[in-house]
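**Student:** Sequence isn't available, so here's the structure alone:
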């Protein structure tokens, strides 16, 4: 069952909603191609084609990359010993780190996974955490301890807890409509609906599967670099659209005081210099469709400027191309999925829960100080809200699901 909102928002907002409509997309594309004088040239400085392992699709990735690492019995023994060591320190979970969760043998394997995520194909799945044999707190400690060796810095996902300012570093992804009034849910993460292709707010997104759905809920990843190459080859005018400012809703008025910010969705950083002193070519797309269309309890604000018809078409182009090139991951209970949030889109299919089979993921937003990418200037404020000022003692780790402040409707 598709959950959606009627087209809402400011006067002039195009007829576009959270769930992408292929017929509306085709109609809008045809109308623009036949009635507008669209540029056939890329913006100055943008490449006609990106060449990298970060460019892949579902026709070639299986031959080029083994994306699953299965934890061995010796790995699990080492994780168990690291967990006991951390617990012996009698410290809060915010103190989990490479030092307090030592993995002498597994460390280099996890650093290689970090290199896969940052400079390889942009994602990796670690399989086999013993989620059924540990308490919830111990599972989260083992998950975060392992993740600290892939990307060492955790970011905040909510700035309030129990009515007070806080650095909430853990988020639960679960259908909560049986427990929470649906009118206050403003993000698909808390429903069983299809979640369209998007990026999150961190640099690396980690997801642990605590439980699978009874049916559906398949996780998908798609190379934004492959999507860029297709758009650059077929619709260079949309590259220019994506690289210009967009009126992006920032829920709770966390932007510049008016509830929205003006920033591009696409950023290109050319290669500079040679050797170790040079900087690698980077292309970054950052967007979440609901910030332009609204979702359920959080419709797009009527006080924000409308997006344009070109921007509406570009949003659909991103989704439908990502969908065409996507890889479906066999995401099982006990798996940890690491995704480069700057180069890979992710999504999930709709699902059905039944009995004890209730799909439940736990998310961390991470940064790696060694391998992390240079952040485009227009995104530094966004990333700063995630990572700056998070302290060990100030971290909050909810053991049970909740709806984040930025995903809560008015109720």
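**Tutor:** Everything's here; your move. This structure is a prediction, so every number in the text was calculated from the model and none was measured.

**Student:** I'd guessed residue 403 sits against residue 184; true?
**Tutor:** Yes - contact criterion Cβ atoms under 8 Å: residue 403 and residue 184 qualify, at 6.5 Å. For the C-beta atoms, the positions are set from N, CA and C on the backbone; glycine is no exception.

**Student:** Among the two, which residue is more densely surrounded?
**Tutor:** residue 403 (22 against 17; other Cβ atoms under 10 Å).

**Student:** From residue 155, how far out is the closest residue to that one other than its chain neighbours?
**Tutor:** Distance criterion Cβ to Cβ, 6 or more residues apart in numbering; nearest residue to residue 403, sequence neighbours excluded, is residue 190 at 5.5 Å. As for residue 190, its distance to residue 155 is 20 Å (criterion: Cβ to Cβ, to the nearest Å).

**Student:** Look at these two and report which has more neighbours.
**Tutor:** Each of residue 190 and residue 155 has its neighbours counted (other Cβ under 10 Å); residue 190 has more, 26 against 23.

**Student:** Spit out the contact partners of the more buried one.
**Tutor:** By Cβ atoms under 8 Å, 6 or more residues apart in numbering, the residues touching residue 190 are 173, 174, 175, 176, 177, 180, 401, 403, 407.

**Student:** any idea what sits nearest the first one, other than its immediate chain neighbours?
**Tutor:** It stands for residue 173. Using Cβ to Cβ, 6+ apart, the nearest residue to residue 173 is residue 361, at 4.0 Å.

**Student:** pLDDT weak spots in the stretch 301-411 of the chain?
**Tutor:** 410-411 (pLDDT under 70).

**Student:** what lines up beside the helix or strand of the chain with the lowest mean pLDDT in the sheet?
**Tutor:** Least confident helix or strand, the chain: strand 298-299 with a mean of 87, by mean pLDDT, DSSP states H and E. Strand 298-299 has its sheet partners listed here by DSSP bridges as strand 294-295 (antiparallel).

**Student:** and the partner strand, how far from the chain's centre?
**Tutor:** 17 Å (Cα atoms, centre = their mean, to the nearest Å).

**Student:** Same question for stretch 220-230.
**Tutor:** On the basis of Cα atoms, centre = their mean, stretch 220-230 sits 14 Å off its chain's mean C-alpha point.

**Student:** Give me the residues contacting that stretch.
**Tutor:** Here stretch 220-230 has contacts from 49-50, 52, 54-57, 121-123, 197, 199, 239, 266, 283-285, 318, 321-323, 325-329, 339, 343-349, using Cβ under 8 Å, 6+ apart.

**Student:** Pull out the buried members of the residues you listed.
**Tutor:** Among these, those classed as buried by 16 or more other Cβ atoms under 10 Å are 50, 52, 54-57, 121-123, 197, 199, 239, 266, 283-285, 318, 321-323, 325-327, 329, 339, 343-349.

**Student:** isn't residue 79 right up against residue 145?
**Tutor:** Yes - look at residue 79 against residue 145 with Cβ under 8 Å: they come within range, at 7.5 Å.

**Student:** so what sits against both of the two?
**Tutor:** In contact with both residue 79 and residue 145: residue 103, using Cβ under 8 Å, 6+ apart.

**Student:** Over to residue 362. Which of the three states is it?
**Tutor:** strand (DSSP: H, G, I helix; E, B strand; the rest coil).

**Student:** Excluding covalently adjacent residues, which one is nearest to it?
**Tutor:** Per Cβ to Cβ, 6+ apart, closest to residue 362 is residue 208, 4.6 Å.

**Student:** Against residue 351, how distant is residue 217?
**Tutor:** For residue 217, the distance to residue 351 - Cβ to Cβ - is 3 Å.

**Student:** cool, residue 241 as well?
**Tutor:** If you go by Cβ to Cβ, the gap between residue 241 and residue 351 works out to 33 Å.

**Student:** mind listing the strands in the stretch 151-300 of the chain by residue range?
**Tutor:** 153-154, 158-161, 164-168, 171-174, 195-198, 204-211, 215-216, 219-223, 246-249, 260-263, 266-269, 282-285, 294-295, 298-299 (DSSP state E, counting those that start in this stretch).

**Student:** Which neighbours in the sheet does the third one have, and how are they oriented?
**Tutor:** Strand partners for strand 164-168, identified by DSSP bridges, are recorded as strand 158-161 (antiparallel), strand 395-396 (parallel).

**Student:** and those strands, which is most packed in?
**Tutor:** Ranked by mean neighbour count, the strands paired with strand 164-168 are led by strand 395-396 with a mean of 20 (mean count of other Cβ atoms under 10 Å).

**Student:** Distance from that one to the middle of the chain?
**Tutor:** Remark: strand 395-396 is offset 20 Å from the chain centroid, using Cα atoms, centre = their mean.

**Student:** again, but for stretch 91-107
**Tutor:** From the chain centre to the centre of stretch 91-107 is a distance of 24 Å (Cα atoms, centre = their mean).

**Student:** Ok, stretch 329-336 next?
**Tutor:** Distance of stretch 329-336 from the chain centroid (Cα atoms, centre = their mean) equals 16 Å.

**Student:** next one: stretch 340-355
**Tutor:** 9 Å.

**Student:** now stretch 307-323
**Tutor:** Distance, centroid of stretch 307-323 to centroid of chain: 18 Å (Cα atoms, centre = their mean).

**Student:** One more: stretch 316-331?
**Tutor:** That offset, for stretch 316-331, works out to 13 Å (Cα atoms, centre = their mean).
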